[in-house]
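*Asks:* please find the sequence and the predicted model below.
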Amino acid sequence: MHCELVVPGLFAAPSATRLPCAELLLARGHCTTSEARSLEAWLHDAFELAEEPLACGALTLLGAGGEPNGYCWTRADPVHLQLMRDRLLLVPAAALKITHDEAAGLTDALNRHFGERLAVQAVDAERWVAKLPQELALDTEPPLALAGRDVPLDLPAPQLVNEAQMLLHSHPVNEAREARGALPVNSLWLWGAGRAPQVNARPWHSVSAADPVVLGLARAAGMRHRALAADGAAWLARTPEEGRHLLVLDVLRVPLALSEEESYRDGLAALERAWFTPLLAALRGGEIGMVTIHVPDAAQCAAYETIRGDLRRFWRRPKALENYA
């Protein structure tokens with residue numbers, strides 16, 4: 001069995017947290033170089049989409065068990081935009097702590113207002129998608145990529161977004177949020193528009209992830225896919241021994257986007273405990289033949305491939321993660 005982990009953000013911030021099992025896999029593995037890129041760019045290339053865009057709206061719906069039915073879909077994530085004199089600051093949904101009831105109330109109001117012009121669905125409280133009656137040209141990054149960064153005031157916004165902002169401004173859900181000191185959901189962030197792509201590449205026997213975009217790609221390709229298991233031991237117990245299997249572990253993306261150092265350290269510790277430790281043990285025991293760790297946003301080495309025999313390379317001493325950045 002070949003187990004491939006995709007761990008964006010693994011080297012992204014210095015941390016005093018040591019991860020003995022992860023560090024050993026990295027130190028003894030064979031490095032493959034590549035230019036740094038986002039998880040979305042990595043997925044686009046890994047699934048061999050070529051000239052097709054990564055239509056994250058349609059793929060999110062697919063990954064959540066929905067049916068795009070040939071329509072154009074966009075991600076329409078709830079955000080807070082804060083005006084700061086001559087710039088805008090974007091606060092993503094991950095920082096807003098939106099409840100499921102709040103998401104239901106806001107999306108219901110949007111749908112009553114827009115009708116078929118913008119049919120919004122909350123895949124979960126933080127990830128929303130919208131069906132568009134026609135193609136919409138969008139050149140915007142995901143909200144997590146823009147968290148804490150300046151958003152230009154002259155960024156072109158579709159009229160649909162302007163209407164949504166006016167509706168959200170006075171909605172009772174937002175009035176209640178402001179009354180308790182929480183930031184209101186005052187805008188939609190449209191990105192990843194397009195129709196579900198044709199995915200012909202099937203490089204893995206199974207795909208496991210928490211992100212519905214990843215699951216949507218696997219579903220579009222006709223590959224076995226499922227929500228991420230609780231840990232490596234649970235994943236091994238349900239995964240066939242043969243084949244190549246992909247796991248996307250993106251637990252570090254939110255704390256990095258929100259500059260939450262403690263949460264980032266907690267995420268590293270959770271990855272070590274839940275994934276690197278059992279998978280290293282399985283590699284040592286022969287249950288796994290190879291472990292590959294992909295770090296798409298790494299500046300130097302983008303992948304580390306380790307087989308059981310590599311673990312005997314004792315002269316390659318483990319080092320702290322920040323030394324790989």
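*Replies:* In hand now; what should we look at?
*Asks:* which SS class is Tyr304?
*Replies:* Per DSSP: H, G, I helix; E, B strand; the rest coil, the secondary structure class of Tyr304 is strand.
*Asks:* what's the closest non-adjacent residue to it?
*Replies:* Excluding the flanking residues, the one nearest Tyr304 by Cβ to Cβ, 6 or more residues apart in numbering is Gly29, at 3.5 Å. No exception for glycine: its C-beta is placed from N, CA and C like everyone else's.
*Asks:* check contacts around that neighbour.
*Replies:* 291-293, 304-306, 310 (Cβ atoms under 8 Å, 6 or more residues apart in numbering).
*Asks:* so which of those residues comes closest to Ala55?
*Replies:* Thr292 (26.8 Å; Cβ to Cβ).
*Asks:* ok so that closest one is a strand residue?
*Replies:* Yes - counting by three-state DSSP, Thr292 falls inside a strand.
*Asks:* and it, how many neighbours does it have?
*Replies:* 20 (other Cβ atoms under 10 Å).
*Asks:* do the one 10 residues further on as well
*Replies:* Here the number of neighbours of Ala302 (other Cβ under 10 Å) works out to 19.
*Asks:* ok, it touching Pro296?
*Replies:* Yes - between Ala302 and Pro296 there is a contact at 6.5 Å, judged by Cβ atoms under 8 Å.
*Asks:* joint contacts of those two?
*Replies:* With Cβ under 8 Å, 6+ apart as the test, Ala302 and Pro296 both reach Ala36.
*Asks:* from Arg177, how far out is the closest residue to Pro172 other than its chain neighbours?
*Replies:* Using Cβ to Cβ, 6+ apart and skipping residues adjacent in sequence, the residue nearest Pro172 is Gly105, 7.4 Å away. For Gly105, the distance to Arg177 (Cβ to Cβ, to the nearest Å) stands at 11 Å.
*Asks:* cool, and Leu258?
*Replies:* 18 Å.
*Asks:* neighbour-wise, which of the two wins?
*Replies:* Using other Cβ under 10 Å, the more surrounded residue of Leu258 and Arg177 is Arg177, with 21 against 17.
*Asks:* did I read that right, that one in a helix?
*Replies:* Yes - assessed with three-state DSSP, Arg177 lies in a helix.
*Asks:* please enumerate the helices of the protein.
*Replies:* For the chain, the helices defined by DSSP state H cover 20-28, 39-46, 56-63, 100-114, 143-146, 159-169, 172-179, 212-221, 232-238, 253-257, 261-271, 277-284.
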